[in-house]
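Q: how would this look folded up:
(2 chains)
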Amino acid sequence: MGKIIVLIAYLVYGLFCFRFLLQVFLWYRAARQQALSNVGSGNISLGMFIAAALDVIFFRRLFSTNKLLWAASWTFHLSFLIVFLRHLRYVLNPVPDVIIFMQPAGVVAGYVLPCSLFLILIMRMVGNGDRYVSYYNFFLIGVLLMLSLTGLLMRIYFQADLIDVKDFITGILVFKPDVLPDSLMFVIHFLLALLLIAFIPFHLFAAPIVSMEARKREEGLGMVLHEK
Amino acid sequence: MKNKDPFGKELSIAQLMELDACTQCGECLKFCPVQEVTGRSEISPPEKIRMFRKLINATGGFKNLFGRNNVDKQLLDDFTRAVYECTVCGACGQNCPVGLFNQRLWPVLRKEMVKHGLGPIGAQGDMPRKIKETGNPYDDPAKERYSPWFPENLEIAEKADIAYYAGCTGAYYAQPMVKGDVLVLGSIGKPFTMLPPEEEVCCGFPLFITGQFDMLKDLTTRLVDGYRARGVKLLLCSCPCCVNIMARDWPALYGRELPFKIRHITQFVEDALKKGKLKFKKGLKERIIYHDPCYLSRGVGIIAEPRSVLKSIPDIELLEFDMHGLNSRCCGAGGAARKVYHENAVAMGRLTIDEAVEKKADKLVLSCPACYEKVNEAMKGYDKQIKIVDIMELVSELIN
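A: Numbering: from 1, shown residues only, chains lettered A, B, ... in the order given. Now for the predicted structure:
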């Protein structure tokens, strides 16, 4: 059982690297394609960069179109980030002080995460249900929801041996796999994490860049016919 | 499919990233006019992106590496329909939580379809031939480009700093609009030139918007060189689509900086009003509502100038649509889809009419020849009626 899970982990890791490299290849090929128009997309100033960074961090564009979805999405992303950072204690040795310091926040975020996902799910079903359904979107929300719930169950009811978990995870990372922890809930949680990595949405990498371009474009719109 | 090349080769890196950046959240559907009149989510923006990603993967991605590059015919048909039924108004991108520039993305996806022999559709495919033979996409005679509407008492200078480009849709299908333009220019009093009717060819926008990019360079070069030979320093135009391609794409197509500035006519007229070179001789005690053309507001950021011109008319009351400025709703004429998906276009035009009537406007003021043609058409046989007028048509009536 342990060997199979280790094998799946390496397969997922390989698949992720392959997907990423393929995407980089497609971007590289497109980089040689000259865009027809570059009017209104000049150099980015420091002020514009800061504004664009704030757009990305605070999801400004979503805020202007759907405030409730913004609240749920922003809370989800923030709590996911905190939970992710909290999980670094299973990977890093020694554990940095900052990760130790943020453990209480990580626990709170662990409760907030599924709540925000539920809210997003409800809004997707109520808001767009009769008009637009993205199965990939629902799939991702489902995986994240199960991932967060199994995480919570492990914290509250089905605690795994943290030493075993850390040995197992670090063992995989240094290609010296250790014994699988004796916890079914951990196995489910770990497999769900692998599933998320296998289907990780590439908008995670592309959306911040596109949002920055959008800010640049918006600020340049006034210059298309008003300068020179 | 004629061309077996991978899909996605025509996209710039920014556009490819836009495809990846779409989270399929579906927020844009609330702003899509095609969704508003059809309710068919299978032709919605996120679906177009999802389908095109599949086409990229099927022909140049993961599956292709294992020799499985056969593309599902149904997928090709569905995508072709979705990308050509769109009016390319850009409202989806304007309201996209990530910030996709869809007003420029969709024409490039259409270009992909053209390269693969799957586009354009319907009468759009005949446009290059018509433009080659007559200079316009409608197959109308070049010699009749100006004669039906150009006022006899106005003079066109042989050479001048200022030039006026009428545009094909205005010259043949929205003549009160282009007539209003030249009457206002005449009243301002500065000499202006125009290319001879046979030389004022299509600006390239109808080809660009349908994904047929092959003739763009040639058309641009002919027009720019024509104006340069007349010593033009400022090119004026009232058609938002023409202005859009002139300002955004002509420099790249021409290969260097243009020898003249491009301005929308409302910018020039606003300036003339402010400097006292143009004055209204009478007012208008009416409630008017102004519709922002997609390629003027979202396209090149001309939002304040038309309003400034309208507000300077004595006694007038200017109303706004609920969705105006950068968020204006397409009138239905966009994307060269109006001839193929006529019913959608009429339904969208009627949404504009409905709101104008509901707000008890006396006049619906437009600023685009395609909007002018389509909204007038949408009103035929419709129970709600409103007087439609172009902005310069209205101004010309009040200055003379």
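Q: biggest helix in chain A by residues?
A: helix A:2-31 (DSSP state H).
Q: for chain A, which residue gets nearest to chain B?
A: With CB to the nearest CB as the measure, A:Ala214 is the residue of chain A nearest to chain B, at 2.6 Å. In short, each C-beta sits where N, CA and C put it, glycine included.
Q: count of neighbours near that residue?
A: 24 (other CB atoms under 10 Å in any protein chain shown).
Q: picking up where we left off before, and the following helix or strand past the longest helix of chain A, what does it pack against?
A: The helix or strand immediately downstream of helix A:2-31 is helix A:46-58, counting by DSSP states H and E. Where contact means 3 or more CB pairs under 8 Å, 6 or more residues apart in numbering or on different chains; DSSP states H and E, helix A:46-58 is packed against helix A:203-221.
Q: what is the orientation angle of the longest helix of chain A with helix A:203-221?
A: Using axes from the mean of the first three to the mean of the last three CA atoms, to 10 degrees, the interaxial angle of helix A:2-31 with respect to helix A:203-221 works out to 20 degrees.
Q: in space, what's closest to the residue of chain A closest to chain B - neighbours in sequence excluded?
A: In this structure, A:Ala214 finds its nearest non-sequential neighbour in B:Gly99, 2.6 Å apart by CB to CB, 6 or more residues apart in numbering or on different chains.
Q: surely the one you found forms part of a helix?
A: No - counting by DSSP: H, G, I helix; E, B strand; the rest coil, B:Gly99 falls outside a helix, being coil.
Q: against B:Ala21, how distant is it?
A: Distance of B:Gly99 to B:Ala21, computed by CB to CB, to the nearest Å: 8 Å.
Q: what do those two both touch?
A: The contact sets of B:Gly99 and B:Ala21 overlap at A:Val210, A:Ser211 (CB atoms under 8 Å, 6 or more residues apart in numbering or on different chains).
Q: look up phi and psi at the residue nearest to A:Ala214.
A: Phi and psi for B:Gly99, reported as degrees, to the nearest 10, are phi 110, psi 40.
Q: and the pLDDT at the most centrally placed residue in chain A?
A: Nearest to the mean C-alpha position of chain A, by CA atoms, centre = their mean, lies A:Leu204 at 6.1 Å. Note on A:Leu204: pLDDT of 85.
Q: is the longest helix of chain A anywhere near chain B?
A: Yes - contact of helix A:2-31 with chain B (CB under 8 Å from any CB of the partner chain) involves A:Phe18, A:Arg19, A:Leu22, A:Gln23, A:Leu26, A:Trp27, A:Arg29, A:Ala30, A:Ala31.
Q: what's the neighbour count on the residue in chain B that chain A sits nearest to?
A: Per CB to the nearest CB, B:Gly99 is where chain B lies closest to chain A, at 2.6 Å. Residues lying near B:Gly99 (other CB under 10 Å) number 26.
Q: A:Ala160 too?
A: 19.
Q: do B:Gly90 as well
A: Neighbours of B:Gly90 (other CB under 10 Å): 28.
Q: not counting its neighbours along the chain, what's nearest it?
A: In space, and not counting its chain neighbours, B:Gly90 is closest to B:Gln103: 3.0 Å by CB to CB, 6+ apart.
Q: pretty sure that neighbour contacts B:Gly299?
A: Yes - assessed by CB atoms under 8 Å, B:Gln103 is found in contact with B:Gly299 at 6.5 Å.
Q: which parts of the stretch 251-400 of chain B sit against chain A?
A: Taking CB under 8 Å from any CB as the criterion, the stretch 251-400 of chain B approaches chain A at residues B:Pro251, B:Ala252, B:Leu253, B:Lys261, B:Ile262, B:Arg263, B:His264, B:Gln267, B:Val300, B:Gly301, B:Ile302.
Q: which among the residues you listed end up buried?
A: Buried by 16 or more other CB atoms under 10 Å in any protein chain shown: B:Pro251, B:Ala252, B:Leu253, B:Ile262, B:Arg263, B:His264, B:Gln267, B:Val300, B:Gly301, B:Ile302, out of those.
Q: in helices, which of these appear?
A: Of these, the ones assigned to helices by DSSP H are B:Pro251, B:Ala252, B:Leu253, B:Gln267, B:Val300.
Q: correct me, but the fourth one touches B:Pro306?
A: Looking back up the chat, that one is B:Gln267. No - using CB under 8 Å as the test, B:Gln267 is too far from B:Pro306 to be in contact (9.4 Å).
Q: secondary structure element for the residue nearest to B:Gly90?
A: Using DSSP H and E, B:Gln103 sits in helix B:102-115.
Q: my read: A:Gln23 touches A:Phe202, true?
A: Yes - using CB under 8 Å, A:Gln23 is in contact with A:Phe202, at 6.0 Å.
Q: who touches both of those two?
A: Counting by CB under 8 Å, 6+ apart, the common neighbours of A:Gln23 and A:Phe202 are B:Asp20.
Q: leaving out chain neighbours, which residue sits closest to B:Ser44?
A: Counting by CB to CB, 6+ apart, B:Leu29 is the residue found nearest to B:Ser44 once chain neighbours are left out, at 5.2 Å.
Q: what is the burial count for the one you found?
A: By other CB under 10 Å, the residues close to B:Leu29 number 22.
Q: what's near enough to touch the residue of chain B closest to chain A?
A: A:Asp55, A:Arg61, A:Val210, A:Ser211, A:Glu213, A:Ala214, A:Arg215, A:Arg217, B:Gly93.
Q: pLDDT score assigned to the residue nearest to B:Ser44?
A: On the pLDDT scale, B:Leu29 is placed at 92.
Q: and it, which of the three is it?
A: Following three-state DSSP, the label given to B:Leu29 is helix.
Q: correct me if wrong: it contacts B:Gln35.
A: Yes - in this structure, B:Leu29 is within contact of B:Gln35 by CB under 8 Å, at 5.0 Å.
Q: same for the helix or strand hosting B:Leu19, what does it pack against?
A: In this structure, B:Leu19 sits in helix B:13-21 according to DSSP H and E. The elements that helix B:13-21 packs onto, with contact taken as 3+ CB pairs under 8 Å, 6+ apart, are helix A:2-31, helix A:203-221, helix B:45-60, helix B:102-115.
Q: residues contacting the residue nearest to B:Tyr227 when sequence neighbours are not counted?
A: The shortest distance from B:Tyr227 to any non-neighbouring residue, by CB to CB, 6+ apart, is to B:Ala163 (5.2 Å). For B:Ala163, the contact set (CB under 8 Å, 6+ apart) comprises B:Phe192, B:Thr193, B:Met194, B:Leu195, B:Tyr227, B:Arg230, B:Val232, B:Leu234, B:Leu235, B:Leu236, B:Phe260.
Q: follow-up on the earlier one: shared neighbours, B:Gln103 and B:Gly299?
A: Residues touching both B:Gln103 and B:Gly299 (CB under 8 Å, 6+ apart): B:Gly90.
Q: helix B:13-21 and the helix holding B:Gln103, what's the angle between them?
A: On the basis of the same axes, to 10 degrees, helix B:102-115 is oriented at 100 degrees to helix B:13-21.
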